[in-house]
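Trainee: with the input below, show me the fold.
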Amino acid sequence: DGFDPTMNLSDHKFQKRSKWGYQQMIRFWISQIWFHPSITQPNFTTIMRLDSDACFTRQLKYSYPDLWLPALPHDYVYWSSLGLEKSFVTGLWNYTQAYLRSNNDVKIQNPDNFNMAQHFWDTKQEMFLFYNNFEVSRVSWMQNEARHWHNYITEDPPHGVFRYRWGDAPVRFLTMAMFANASQVYQKKAPLGYQHRCKQSKKVSVHNSW
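Mentor: A predicted model of the protein is given here:
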């Protein structure tokens, strides 16, 4: 069954902009973007995410895109993983385990990261995450390897993105731990001048071709 948007949010402590606006953003970045006509019709090979509240505070003076996809032989690039989420992960780890039990053909591709996620959950009830407000993803990988899992997270009951505000950051970490080996994932510092939740009154335009 689909999610009932008329449900009461009285016990939900996270709302932004509109009743379901933030949750729809999370859903979009987990499962919907990879099949959106704006990237499938022009046949884009990579997607770079840059949040609307991020900016560059200095001009990029070198060809930074050469350090990113598609030049690199990876499927996912992120800039930081030093994060733990505790507030909005109700039921996410158990739901992940249920997925693996019902899809026993899925073999964990990065057991070190997956075991680390399990350790933090077992000991602290926290989920490890990627700071994915700045990330680059290979579209074909997201469309194929992780498609079923992404739909399971956002489209199937209990619809945790909407009920519990499961975030795309811990889901992204789980996705890469489950479906990508270490050689497919690359950590790279964001360009100098990148700022999340930008406080600059004047943002610097970036002329490089991403």
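Trainee: show the subsequent helix or strand relative to the longest helix seen in the chain.
Mentor: Secondary structure of the chain per DSSP state H: the longest helix is helix 111-124. From helix 111-124 onward toward the C-terminus, using DSSP states H and E, the following helix or strand is strand 127-129.
Trainee: centre of the chain versus that next one, how much separation?
Mentor: 11 Å (CA atoms, centre = their mean, to the nearest Å).
Trainee: following element in sequence after it, please.
Mentor: Strand 127-129 is succeeded, C-terminally, by strand 134-138 (DSSP H and E).
Trainee: helix or strand right after that next one?
Mentor: That would be, after strand 134-138 and using DSSP H and E, helix 139-144.
Trainee: next, the buried residues of the lowest-mean-pLDDT helix or strand in the chain.
Mentor: Using mean pLDDT, DSSP states H and E, strand 83-85 stands out as the lowest-scoring helix or strand of the chain, at a mean of 77. By neighbour count on 16 or more other CB atoms under 10 Å, the buried set for strand 83-85 is 83, 85. Bear in mind the C-beta positions are built from the backbone N, C-alpha and C, glycine included.
Trainee: neighbouring strands for that strand, and are they parallel or not?
Mentor: Neighbouring strands of strand 83-85 in its sheet, by DSSP bridges, are strand 127-129 (antiparallel).
Trainee: neighbouring contacts of the strand it pairs with?
Mentor: 81, 83-86, 89, 92-93, 113, 116-117, 120-121, 167, 169-170, 172-174 (CB atoms under 8 Å, 6 or more residues apart in numbering).
Trainee: ok, of the residues you listed, which come out buried?
Mentor: So, by 16+ other CB under 10 Å, the buried ones in the contacts of strand 127-129 are 81, 83, 85, 89, 92-93, 113, 117, 120-121, 167, 169-170, 172-174.
Trainee: so which of the residues you listed is the closest to residue 34?
Mentor: Set against residue 34, the nearest of the buried ones among the contacts of strand 127-129 by CB to CB is residue 172 (12.6 Å).
Trainee: ok, which stretches of this protein are strands?
Mentor: Along the chain, counting by DSSP state E, strands occupy 46-50, 54-56, 76-78, 83-85, 127-129, 134-138, 185-187, 194-196.
Trainee: residues contacting residue 164?
Mentor: Applying CB under 8 Å, 6+ apart, we find residue 164 in contact with 88-92.
Trainee: switch the cut-off to 7 Å
Mentor: In this structure, residue 164 makes contact with 88, 90-91, judged by CB atoms under 7 Å, 6 or more residues apart in numbering.
Trainee: ok, it to residue 26 distance?
Mentor: To residue 26, residue 164 is 11 Å away according to CB to CB, to the nearest Å.
Trainee: list the contacts of the longest helix of the chain.
Mentor: 84, 93, 108, 126-128, 173-174, 177-178.
Trainee: lowest pLDDT pick from these?
Mentor: Ranked by pLDDT, those bottom out at residue 84 (79).
Trainee: list the beta-bridge partners for that residue.
Mentor: Taking DSSP bridges as the rule, residue 84 bridges to residue 128.
Trainee: that'll do, ta.
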